[in-house]
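Student: Starting from these lines, generate the structure:
(one chain, ligands or ions: 1)
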Amino acid sequence: MDYDAIIVGGGIIGLSAAHKLATNGKKVAVLEKKRPGAGATGLSGGLIRVFDPEIELAEFAAESYNLFNTNKNIPYKDSFVKTGALYVRDASTRSETEHIIQILNQKYSYYSELLNKDQCTELYPNISWQDSESVIVVHEPNAGYADPLKISLSLVDKIEYLGSDILEGTEVSGFVSKSGKIEAVKTNIGSLTAKHFVIANGAWAASLDCPESVRSREIQIHFFQNSKVHPILIDETLGGLYARPCINGSSLVGVPLLEWDIDPDLKRSISCAENTRSIATQRLSSLVDAPLCGGRRGFDGYTQTNQGYIKKSDFKKNLIWAVGWSGCGFKLAPAIASRIFDIVA
Ligand SMILES: Cc1cc2nc3c(=O)[nH]c(=O)nc-3n(C[C@H](O)[C@H](O)[C@H](O)COP(=O)(O)OP(=O)(O)OC[C@H]3O[C@@H](n4cnc5c(N)ncnc54)[C@H](O)[C@@H]3O)c2cc1C
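Tutor: Residues are numbered from 1 along each chain as shown. A predicted model of the protein is given here:
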């Protein structure tokens, strides 16, 4: 079978790209060495919000948010829960923050605003604002979260319905090249040919010799039972805390881990819950004695700039890399799929 495109990796990026190509008449195969959603995607907290200190990432997230909401063919919308979000930054960044808010409002019609100290205290009394003189708070009323695994499995159904293939248990080990192009990928089920090849294998990018440095980094989230549920998604640059309410009344809480370059196939159990709790209680004091009720620990591929690497290969004309989404790949997936489509089509 000669495919229009072969996608390596059945995470949210590979599946979103495959879905976009298949809905536009292309015959696609997704090659996944385990099962769809088995990588970072199946573990993701699913936060979908837009503001980012890096304007390029904020604009990319805004483009993606609008695709989440407007493209009826993309089944992202089904599991979206709107919570709103607060993004907390150092007060010294006020003017650049206002500039980004303005661009998001004007160019993408994505509304966000700065809240003052009194508004934060009045609207969110369950959140601690003792540092409110030294921080600024971006409020995104339309942010929320969705279930990345549910969406991935729904994408699988749609891709197969459109006549394309999901080949699970199929691991790519290398390429067959000729005259500056890839002719085929080598896999454990034989060589497979296509016109275009898209590599979306996340934290495993280095295993296929990605030209960009994409390093695996651990990400961990914990769940705490929380009777005084925090009402809104919260994310902060200071301390790196992010947290959101869950439908069952618990809180999903993440803080950064600094473990790099560990084999992403290694199974690691959750740990350091008390460290997560101690950082989180500075903002969400009700978590101080909230029982731990589980967690997830996985990997994502990170670039040096955290910007993601989406590029046609300089040496193989029909090879496209889409890796290194640095802890943000889920919320960016629709926009990444559009870029891949533009390159392939
Ligand atoms: C705990 C956790 C929480 C997160 N929370 C959020 C969040 O709230 N919001 C957000 O936007 N992002 C979040 N992320 C990040 C987000 O999940 C990732 O950026 C995104 O899922 C990356 O998708 P991907 O398709 O690039 O990679 P993956 O989902 O990792 O998929 C890559 C796939 O490629 C397969 N593969 C690898 N090598 C090969 C090969 N040689 N041949 C065939 N298949 C191969 C793997 O098995 C894997 O299934 C989180 C990540 C984690 C781990």
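Student: residue ranges with poor pLDDT in the stretch 51-200 of the chain?
Tutor: 71-77 (pLDDT under 70).
Student: any bit of stretch 264-280 sitting next to the ligand?
Tutor: No - applying Cβ under 6 Å from any ligand atom, one finds stretch 264-280 out of contact with the ligand, separated by at least 7.5 Å. Every residue, glycine included, has its C-beta placed from N, CA and C.
Student: So what touches that stretch?
Tutor: 39, 202-204, 216, 218, 220, 222, 224, 239-241, 243, 251, 253-255, 257, 262, 287-288, 290, 292, 294-299 (Cβ atoms under 8 Å, 6 or more residues apart in numbering).
Student: Next, the distance between the ends of it.
Tutor: 27 Å (Cα to Cα, to the nearest Å).
Student: Go through that stretch and flag the buried ones.
Tutor: 264, 273, 276-277, 279-280 (16 or more other Cβ atoms under 10 Å).
Student: just stretch 243-250 next, same as before
Tutor: 243-246, 250.
Student: Now do that stretch: distance to the chain's middle.
Tutor: Distance of stretch 243-250 from the chain centroid (Cα atoms, centre = their mean, to the nearest Å) equals 19 Å.
Student: Rounded mean pLDDT for that stretch, please.
Tutor: Stretch 243-250 comes out with an average pLDDT of 92.
Student: Convert it to CSV, retaining C-alpha atoms only.
Tutor: Extracted as CSV, the C-alpha positions of stretch 243-250 are listed here (Å, rounded to 0.1, in the frame of the first residue of the first chain):
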residue,chain,number,x,y,z
ALA,A,243,-3.9,23.0,39.2
ARG,A,244,-7.4,22.5,38.1
PRO,A,245,-10.6,21.2,39.6
CYS,A,246,-11.9,17.7,38.4
ILE,A,247,-15.5,16.8,37.9
ASN,A,248,-15.4,14.4,40.9
GLY,A,249,-14.4,17.2,43.3
SER,A,250,-10.7,16.4,43.5
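Student: Spell out whether that stretch and the ligand are in contact.
Tutor: No - Stretch 243-250 stays clear of the ligand (Cβ under 6 Å from any ligand atom), getting no nearer than 8.0 Å.
Student: what do you get for stretch 166-180?
Tutor: Yes - Stretch 166-180 reaches the ligand (Cβ under 6 Å from any ligand atom) through 171-172.
Student: Please identify the buried residues of that stretch?
Tutor: By neighbour count on 16+ other Cβ under 10 Å, the buried set for stretch 166-180 is 166, 170-172, 175.
Student: got it, and stretch 134-150?
Tutor: Buried, per 16+ other Cβ under 10 Å, within stretch 134-150: 135-140, 142-149.
Student: Endpoints of it, how far apart?
Tutor: The first and last residues of stretch 134-150 sit 39 Å apart, counting by Cα to Cα.
Student: again with stretch 214-232
Tutor: The stretch stretch 214-232 measures 32 Å between its terminal residues, going by Cα to Cα.
Student: That one near the ligand at all?
Tutor: Yes - Stretch 214-232 is in contact with the ligand by Cβ under 6 Å from any ligand atom, via 219, 221.
Student: so for that stretch, what's the average pLDDT?
Tutor: Stretch 214-232 shows a mean pLDDT of 90.
Student: If you count neighbours, what's buried in that stretch?
Tutor: So for stretch 214-232, counting by 16+ other Cβ under 10 Å, buried means 214-226, 229-230, 232.
Student: how about the residues of the stretch 1-150 of the chain near the ligand?
Tutor: Going by Cβ under 6 Å from any ligand atom, the residues of the stretch 1-150 of the chain near the ligand are 8-14, 31-34, 38-41, 43-47.
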